[in-house]
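Enquirer: Need coordinates for the below:
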Amino acid sequence: MKVIGTAGHIDHGKSALVRRLTGIDPDRLAEEKARGMTIDLGFAWLRLPSGREASIVDVPGHERFIKNMLAGAGGVDVALLVVAADEGVMPQTREHVDILELLGIDSAVVALTKSDLVDDDMLQLVDEEVRELLAGRTLAASPRIPVSAVSGAGIGRLLAALDSAVAAPTSRAELGQPYLPVDRVFVRRGFGPVVTGTLHAGPLTVGDDVELTPARLSARIRGLQTHGRTVEVAIPGSRVAVNLAGVAHDRISRGDVLAPPRRVTPTRRFDARIRVVDSAQQPLAHGTRATIHVGAAEAPSVVTVLGEPEIRPGVEAWVQIRAGRPLAVVRGQKFVLRLPSPARTVAGGTVVDVSPHHRRFDSAALERLRLLSSKDTTALVMALLVPGRLMRRDEIGSTLGADESLVDAALSRLVAQGEVAVVGDGYLSGRQWSRLVGSTATVLKQFHEENPLKSGIQSAELRRRVGWRGRNWQAALLRLQDESVVRSSGAFVSAAEYDPGDALQGDVAARVVEVLRAAGFSPPREAELRSELGVESRLLAALAESGQIVYLGNGLYLAREAYEALLKLTLDLIDRGGSVSVSELRDAAQTSRKYALAFLEHLDDERITRRQGDVRILGHRRPSCV
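Expert: Reported below is the predicted structural model:
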C-alpha cells in the first residue's frame, strides 16, 4: 500500500482537492473549519481506478505550520503537488518541493488547481512556471494536470495519473523491523489511547508487545485499523491507527516511534549523509544550530560537519547530528534541517549510523560510513564490526533496522568465511580478533621474560594490557585457550606453551621446599629463608603460586603437605568439639602459639573458619579436599 501526500502553498486548494477525490474532509479541527485554513495534518483514503487503495496525508501550506507539514511528509510515497492556476508558484511551493526532494520522494503528480478561474494563456504560463521549478530535479518528469475541485474538471485524469504513480515500484524497505512514527495521539472512549502514523519496514499484529521510544514505554496492541476498517495485521506502507493497552495516553507524544521492544534505540546523536539545498544563501558551516525534523519529531540540534569545514549549496557531505533531546531514529530514515531564524529549510539527508564513536576528522570513520550506506546486509554487518566493537545479534539488528533472518544469514556466512569471530554472545570482526590474538601473545611473551618464576599474569591485568573493553572477557579467554594461544588457571593466564617448571625445580627452589617440609608446623620465617638459603621473595611467591608451598601471611610459609595436614587436624578438632581455640590447636599440633594463631587467622581470611569470642567455628567454606 502507498501513501499520497499533498504539498503546496497555502490557499491553493489542497484540502478541497482531497475532499473532491475522496469524499472525506481532512480538516478535522474546529479552528481549521472556522478559519478556512489547514493547520495540522489531515487524513483520508481513496480507491483508485485500478482498485488499488491509497492513503492520503493532507498537510498545511502556511509557513508557520511547516513543522506540521514535515510531521506527515516522512511517510509519503507519492506527492500530490498542488499549484493554484490563479497564483502560480509561491514561496511555500518552492520550499515544499525542496522538502520532497530532501526526503527522497521521487514520484509526484502536479495538480494545477482552480483551472476554471483562469484563461488558457494564464494556465499555460503557470504550467511553464511549474515545469521550470521542477527542471533538473528528481520530480522533473511529473505529469501536470489542470483540475477544478469545484466543477470536477480534470479529476479523472488526475486519478489515473495517481494510479500509475502508486503502481510504480517503491524504494521503501518491506523487510525489517516495523516502526511507526506517531503523528497523532487521541483517546477513544471505552478503548483507551490510539496513535496513528505511516507504518514502515514490517507488519504489526494485534496482540504484539510494542514499545514507544524514546521514553521506552511498554504497551500491547489492542486493535488495528486501516482506512476505517478493523484489521488483524497492518502492512508496511499503510496509514495505521493503533489502539494500545498498558500505557497512559498523556505519556505519548507526536514524534514518538512505536516498534517492537528494544528494536529502536533512543539517541542524541547520529551520523548522516546530507545535501544542502541549491537555494541556500550560504554554505552550511560546522557547528550550525538547526531544527531537525525526523519521522514526526522535531528537536533543536547542532550540525557537526565531518572531515571538512563547511558544506556548499547543492553539495552532499557527511555530518553528525547532535540533538537537544533523545530521538528515536533508525538507519535509512530521511530527515530535514531548518534554520530557526529566519526560518527556512537548509538541508536534508539520511540517517546512517545511530551509535557513532569517533572524532570529527577520522578517515577510518568516514570509510565506515561509506560501507554503512550499502544496501547489502553482509556489507552492513561488516561495517558495524570494523571498529572492533563487540556486538550482540540483537544490537546488530536494531542498529541496522534489518530483518532478523537477513542478519542471521549474513552472520552465519561471515563466521563460516572467518570474516567474523564469535565471542560468547557477541560478534567481532575477524581482523580485530586476529589483532587480539597477536597483542595477547606479545603481552604474555614480555610478561614471562620479565617474570620467569611466575606461572602467569592476572586475568584482569592481561585484559587491561591488551585493551579489551566491554563485556565477554571470559568468553574471549576461553576462545584464546581453544585456539592454543593461552592457558588459563583460575585468575592467572599464561602463554599456552609457557612452563615455569624449570625455574621452580631449580636447586634453590628445591632446597626451600625441603626445608619447609622438614620444619613441619614450625617453619622458619621469610627473613630466615632469605638469609640462610639466599632465596628471593619472588621465588617464594612463585612457589606459592605453583602450589608447592602456602603463604599464611606475616612472612610465614608452610610446605603444602604440612598445610594440608594442619588443616585436617583443625577441622577434626572442630568436628569433635564444635570449635577450636588457639591453645587447643597449639597442643594438638605440638607447635608454638605464634604458628597456631597465624594459621587460624589465615583460615579466617579464607572463610574456612570464623572467630567467635576466643574460639573458631566452621566458616562458610569447607575445603572439599579434607
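Enquirer: and Leu80, what helix or strand is that in?
Expert: strand 78-84 (DSSP states H and E).
Enquirer: helix/strand/coil for Arg275?
Expert: What DSSP: H, G, I helix; E, B strand; the rest coil gives for Arg275 is strand.
Enquirer: Tell me which other helices or strands the lengthiest strand in the chain touches.
Expert: Longest strand in the chain by number of residues (criterion: DSSP state E): strand 316-328. Counting contacts by 3 or more CB pairs under 8 Å, 6 or more residues apart in numbering; DSSP states H and E, strand 316-328 packs against strand 266-276, strand 288-294, strand 297-305. For glycine as for every other residue, the C-beta is placed from the backbone atoms N, C-alpha and C.
Enquirer: Rebuild these as JSON lines, extending it with mean pLDDT and mean neighbour count.
Expert: As requested, the helices and strands packed on strand 316-328 are exported to JSON lines (pLDDT from 0 to 100; neighbours: other CB atoms under 10 Å):
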{"stretch": "strand 266-276", "mean pLDDT": "92", "mean neighbour count": "20"}
{"stretch": "strand 288-294", "mean pLDDT": "92", "mean neighbour count": "22"}
{"stretch": "strand 297-305", "mean pLDDT": "93", "mean neighbour count": "20"}
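Enquirer: Distance to Leu400 added to these, as TSV?
Expert: Formatted as TSV, these follow (distance: least, CB to CB, whole Å):
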stretch	distance to Leu400
strand 266-276	13
strand 288-294	17
strand 297-305	21
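Enquirer: Of those, which is nearest Val354?
Expert: strand 266-276 (4.8 Å; CB to CB).
Enquirer: Please name whichever of the helices and strands packed on strand 316-328 is nearest to Glu526.
Expert: The nearest among those, by CB to CB, is strand 266-276 at 56.7 Å.
Enquirer: partners of the following helix or strand past the closest one, with directions?
Expert: Downstream of strand 266-276, the first helix or strand assigned by DSSP H and E is strand 284-285. With DSSP bridges as the test, strand 284-285 is paired with strand 310-311 (antiparallel).
Enquirer: which residues are contacting the strand it pairs with?
Expert: Ile274, Val276, Pro283, Leu284, Ala285, His286, Val305, Ala317, Val319, Ala347 (CB atoms under 8 Å, 6 or more residues apart in numbering).
Enquirer: Mind doing that once more with 10 Å?
Expert: Residues from elsewhere that reach strand 310-311 (CB atoms under 10 Å, 6 or more residues apart in numbering): 274-276, 280, 282-288, 303, 305, 317-319, 346-347.
Enquirer: One more: stretch 469-477?
Expert: Taking CB under 10 Å, 6+ apart as the rule, stretch 469-477 contacts 388-392, 421-426, 428, 433, 436, 440, 459-460, 462-463, 466, 468, 478-479, 485-486, 488, 493.
Enquirer: Cross those residues against strands and list the overlap.
Expert: Residues of the contacts of stretch 469-477 located in strands (DSSP E): Met391, Arg392, Ala421, Val422, Val423, Gly426, Leu428, Val486, Ser488, Val493.
Enquirer: Just the buried ones out of those, please.
Expert: Met391, Ala421, Val423, Gly426, Leu428, Val486, Ser488, Val493 (16 or more other CB atoms under 10 Å).
Enquirer: could the residues you listed go into CSV alongside pLDDT and distance to Leu339?
Expert: Converted to CSV, those look like this (pLDDT from 0 to 100; distance: CB to CB, whole Å):
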residue, pLDDT, distance to Leu339
Met391, 84, 36
Ala421, 90, 46
Val423, 89, 46
Gly426, 87, 42
Leu428, 90, 42
Val486, 89, 56
Ser488, 84, 58
Val493, 88, 56
